[in-house]
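Chemist: no FASTA, just this:
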């Protein structure tokens with residue numbers, strides 16, 4: 001009996017070892033339909049020409065969705081992405097049969113964003129880097145550093161160093177991955193042309209270092225527009241699973257915007273409206289299943305943040321014209 005039991009346990013242990021598979025995250029870099037390359041001209045949706053001379057960003061809080069909705073965290077994993085270098089990162093070895101999605105955030109989550117970079121080994125993604133990816137102990141890390149030239153003759157310099165706990169978003173990309181040999185590979189396409197979606201590079205100040213204005217817009221675009229799976233599935237915004245959906249419109253508008261919240265588990269949501277400088281210009285609320293009208297007295301670009309229990313779950317940019 002003891003021999004049978006030992007044999008059964010050995011077989012179970014062997015099966016559990018065999019079920020473990022290495023999972024890799026690959027990121028393929030693009031500018032529109034072309035493979036990414038430094039100093040290559042591209043055009044955003046507003047017709048603004050630009051190129052890229054530096055593009056680095058952090059990926060954090062990686063989670064793998066698999067086998068009927070199970071979620072497996074990838075612990076203590078940060079990736080410092082350089083768009084000029086291949087990303088083929090081992091996430092770890094996991095008991096996974098079928099991948100369904102991958103989740104991650106752009107930047108560094110708040111619990112690690114204000115720690116001392118010097119406390120890490122030099123090879124660690126969060127250790128001091130050159131050029132620097134750290135803004136200071138108060139603000140934390142640069143989530144995205146994107147630099148280059150813009151304008152009709154590419155004779156204007158732009159610098160977007162985007163950061164701030166309030167601009168850290170996580171999102172989900174549906175993907176089935178692929179089996180390559182004995183490994184599972186998740187391939188994500190990143191189109192950096194869409195990083196400047198609806199951002200005017202043709203006028204105004206484009207040396208942007210901070211948490212508001214165009215820097216905040218850039219991080220929203222990284223969460224909503226830049227990434228797709230290799231199968232063509234788009235990122236699912238910055239609203240995580242089981243969060244309510246919101247409709248905000250008309251957008252653009254000449255005077256007012258209606259915010260409608262899907263009925264889901266009751267409760268209410270706080271609305272905070274900021275202008276492009278980050279100044280709060282209005283506050284309101286909306287109940288689950290209800291609607292709220294927001295009035296605007298001046299034209300410009302505004303951001304409507306939707307919060308529940310102090311946590312921001314959605315940000316929408318609106319354009320008001322007079």
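Modeler: The structure has been received and is ready for your questions. Since this is a predicted model, take the numbers as computed values, not measurements.
Chemist: Where does the prediction get shaky in the stretch 101-250 of the chain?
Modeler: Residue ranges of the stretch 101-250 of the chain with pLDDT under 70: 233-244.
Chemist: As a check, name the ranges of all strands in it.
Modeler: For the stretch 101-250 of the chain, applying DSSP state E, counting those that start in this stretch gives strands covering 134-136, 140-150, 156-163, 169-174, 178-180, 183-191, 207-210, 227-229, 246-249.
Chemist: List the buried residues for the fourth one?
Modeler: So the one you mean is strand 169-174. In terms of neighbour count (16 or more other C-beta atoms under 10 Å), strand 169-174 has its buried residues at 169, 170, 171, 172, 173, 174. For glycine as for every other residue, the C-beta is placed from the backbone atoms N, C-alpha and C.
Chemist: Now residue 295. Nearest residue, chain neighbours left out?
Modeler: Nearest non-adjacent residue to residue 295, counting by C-beta to C-beta, 6 or more residues apart in numbering: residue 256, 5.1 Å away.
Chemist: Throw the strands of the stretch 101-250 of the chain into JSON lines and include distance to residue 28, thanks.
Modeler: Shown next, in JSON lines, are the strands of the stretch 101-250 of the chain (distance: least, C-beta to C-beta, whole Å):
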{"stretch": "strand 134-136", "distance to residue 28": "27"}
{"stretch": "strand 140-150", "distance to residue 28": "18"}
{"stretch": "strand 156-163", "distance to residue 28": "22"}
{"stretch": "strand 169-174", "distance to residue 28": "13"}
{"stretch": "strand 178-180", "distance to residue 28": "13"}
{"stretch": "strand 183-191", "distance to residue 28": "5"}
{"stretch": "strand 207-210", "distance to residue 28": "27"}
{"stretch": "strand 227-229", "distance to residue 28": "10"}
{"stretch": "strand 246-249", "distance to residue 28": "32"}
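Chemist: which one of those strands is the most hemmed in?
Modeler: Most buried of the strands of the stretch 101-250 of the chain by mean neighbour count (mean count of other C-beta atoms under 10 Å) is strand 140-150; its value is a mean of 24.
Chemist: Next, the angle strand 156-163 makes with that strand.
Modeler: Relative orientation of strand 140-150 versus strand 156-163 (axes from the mean of the first three to the mean of the last three C-alpha atoms, to 10 degrees): 160 degrees.
Chemist: how far off strand 169-174 does strand 140-150 point, in degrees?
Modeler: Put simply, strand 140-150 runs at 70 degrees to strand 169-174, going by the same axes, to 10 degrees.
Chemist: Contacts for stretch 105-119 next, please.
Modeler: For stretch 105-119, the external contacting residues (C-beta atoms under 8 Å, 6 or more residues apart in numbering) are 57-61, 78, 126-128, 134, 137-138, 140-141, 143-144, 163, 165, 167-171, 219, 222-223.
Chemist: buried sites along that stretch?
Modeler: Using 16+ other C-beta under 10 Å as the test for burial, stretch 105-119 gives 105, 106, 107, 108, 113, 117.
Chemist: What of stretch 77-87?
Modeler: 77, 78, 79, 80, 81, 83, 87.
Chemist: Endpoints of it, how far apart?
Modeler: Stretch 77-87 has an end-to-end distance of 14 Å (C-alpha to C-alpha, to the nearest Å).
Chemist: which among the buried residues of stretch 77-87 gets closest to residue 94?
Modeler: Minimum distance to residue 94 across the buried residues of stretch 77-87 is 12.2 Å, recorded for residue 77 (C-beta to C-beta).
Chemist: Distance-wise, check that closest one relative to residue 67.
Modeler: Counting by C-beta to C-beta, to the nearest Å, the separation of residue 77 from residue 67 is 20 Å.
Chemist: go on, residue 210?
Modeler: Taking C-beta to C-beta, one finds residue 210 at 42 Å from residue 67.
Chemist: what about residue 64, which helix or strand?
Modeler: For residue 64, the element it lies in under DSSP states H and E is strand 54-66.
Chemist: related to what we said a few turns ago, may I see the buried residues of strand 169-174 arranged in a markdown table, with distance to residue 99 as well?
Modeler: As requested, the buried residues of strand 169-174 are arranged in a markdown table below (distance: C-beta to C-beta, whole Å):
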| residue | distance to residue 99 |
| --- | --- |
| 169 | 22 |
| 170 | 18 |
| 171 | 16 |
| 172 | 12 |
| 173 | 11 |
| 174 | 10 |
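Chemist: which among these gets closest to residue 204?
Modeler: Once C-beta to C-beta is applied, the member of these that ends up nearest residue 204 is residue 169, at 24.4 Å.
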